[in-house]
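Engineer: Structure for this input, please:
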Amino acid sequence: MSRIGRKPIAIPAGVEVKVAENVVTVKGPKGELCQNIHPNMKVDVDGAVVTVTRPDDTKINRSLHGLSRTLIANMVEGVSNGFKKELDVIGIGYRAAKEGKNLVMNLGFSHQVIMPEIDGISIEVPGPNKIIISGPDKQKVGQFAAEVREKRPPEPYKGKGIRYTGEVVRKKEGKAGKGAKK
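Structural biologist: Predicted coordinates for the structure are as follows:
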């Protein structure tokens, strides 16, 4: 049996889980999320616990079991606590600012990079070199953070660019032996 799939999901106070056919809806203080679950998986809400069961041990059902449980657990976590990703902008002249609902970044290009805030996430810029992306949907938060990082990923020689807080960028040595010709 799947170790992850058979773990029950505890529902915290203030969070409501509803199952209608194969659609799971989770409501909480941070918002409301819906997810389609594969029809083979059976989702039961019993008091303050959600359990996911599978009909048999075929390969597809075994793989869907842990996935379905994790998706529901992330929804419960998201509507109660939320998710956030922190990004650092590193480089001389590189900076970020929030103007209205847009994230405006100077990343060494001849133009500013402007990214509009999508619904379901919020962007904070506490300093010129720090971006915090947060929201209840783990997938949307991670995807938007990846798209922001993609605008100027860290380069391996000086380490300039946008990186996740705590991300380690391995630096390469530059050209060695510049005047070593004989």
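
Engineer: Can you give me the buried ones in the lengthiest strand in the chain?
Structural biologist: As assigned by DSSP state E, the longest strand anywhere in the chain is strand 83-90. Buried residues in strand 83-90, counted by 16 or more other CB atoms under 10 Å: 83, 85, 87-90. Glycine gets a C-beta too; all of them are placed from N, C-alpha and C.

Engineer: cool, and stretch 62-72?
Structural biologist: 64-72.

Engineer: so how far is that stretch off the chain centroid?
Structural biologist: 18 Å (CA atoms, centre = their mean, to the nearest Å).

Engineer: Check stretch 136-145 too.
Structural biologist: Put simply, stretch 136-145 sits 4 Å off its chain's centre (CA atoms, centre = their mean).

Engineer: what's the answer for stretch 82-101, then?
Structural biologist: Relative to its chain's centre, stretch 82-101 lies at 15 Å (CA atoms, centre = their mean).

Engineer: picking that back up, partner strands of the longest strand of the chain and their direction?
Structural biologist: Strand pairing for strand 83-90, using DSSP bridges, gives strand 130-135 (antiparallel), strand 161-164 (antiparallel).

Engineer: Give me the angle between the helix ranked longest in the chain and strand 130-135.
Structural biologist: The residue-count maximum for a helix in the chain (DSSP state H) belongs to helix 59-80. Between helix 59-80 and strand 130-135, the angle comes out at 110 degrees (axes from the mean of the first three to the mean of the last three CA atoms, to 10 degrees).

Engineer: Would you mind listing the outside residues contacting helix 59-80?
Structural biologist: 2-7, 9, 11-12, 14-15, 17, 24, 26-33, 35, 37-38, 40-41, 43, 50, 52-55, 83, 135-138 (CB atoms under 8 Å, 6 or more residues apart in numbering).

Engineer: how about a cut-off of 7 Å?
Structural biologist: For helix 59-80, contacts defined as CB atoms under 7 Å, 6 or more residues apart in numbering pick out 2, 4-5, 7, 9, 11-12, 14-15, 24, 26-33, 35, 37-38, 40-41, 43, 50, 52, 54-55, 136-138.

Engineer: Also stretch 98-117?
Structural biologist: Here stretch 98-117 has contacts from 89, 91, 93-97, 123, 125, 131, 148, 151-152, using CB under 7 Å, 6+ apart.

Engineer: let's see 10 Å
Structural biologist: 89, 91-97, 118-119, 122-126, 128, 131, 133, 144, 147-148, 151-152, 160-162 (CB atoms under 10 Å, 6 or more residues apart in numbering).
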